[in-house]
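Engineer: Take a look and give me a structure for this.
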Amino acid sequence: MGTAFQIVDDIPDIVSDGESLGKPVFSDLRQGTLTLPLIYAKESEVGSDILECLSNKTVPDWKIPELRSKLIAGGYVRRAGHVACALLDSARQDLARLPGSPGRASLSYMCDQLVRRVRCASPDVQPSDVRNFSPSGVSTEGIP
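Structural biologist: Numbering: from 1, shown residues only. This next block holds a predicted model:
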């Protein structure tokens with residue numbers, strides 16, 4: 001569930017505007033922090049831009065709309081959302097095997113809230129999209 005939380009937290013940094021987010025957009029990329037959508041994008045046509053921004057720890061303001069558009073259109077944000085939902089689905093299954101308790105109820109509630117947050121940030125991610133989804137195959141090779 002912790003990994004899913006981190007992925008869910010990373011998505012608004014790409015898809016939101018600075019006002020609704022409460023911090024500058026693309027702050028992860030500006031700080032040289034590699035997130036799952038960026039890992040997926042690094043092997044695409046936008047990959048060289050991503051690697052350059054990661055290396056320089058800067059994203060020119062004029063480049064943000066272009067990068068955002070490419071990351072969304074390329075499906076990298078959606079793919080990361082799928083991974084988060086798959087991890088949360090797995091967490092729910094694990095929680096279902098535990099005896100009922102306030103702790104289990106709280107963790108189940110957190111899973112539900114995280115799924116809602118993914119769907120708010122990336123509305124095209126639907127629960128049916130994550131059935132039989134596997135997050136394997138993520139490579140960080142070549143990332144500074």
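
Engineer: helices and strands of this protein: which one bottoms out on pLDDT?
Structural biologist: Across the helices and strands of the chain, mean confidence by mean pLDDT, DSSP states H and E is lowest for helix 18-21: a mean of 70.

Engineer: in this structure, which spans are helices?
Structural biologist: Residue ranges of the helices in the chain, as given by DSSP state H, are 2-15, 18-21, 27-30, 36-41, 47-56, 64-73, 76-96, 102-121.

Engineer: ok, and which of those helices has the densest surroundings?
Structural biologist: Compared across the helices of the chain, helix 36-41 shows the largest average neighbour count, a mean of 24 (mean count of other C-beta atoms under 10 Å). Glycine gets a C-beta too; all of them are placed from N, C-alpha and C.

Engineer: quick one: which of the helices of the chain has the weakest pLDDT on average?
Structural biologist: Summarising mean pLDDT across the helices of the chain, the least confident stretch is helix 18-21, with a mean of 70.
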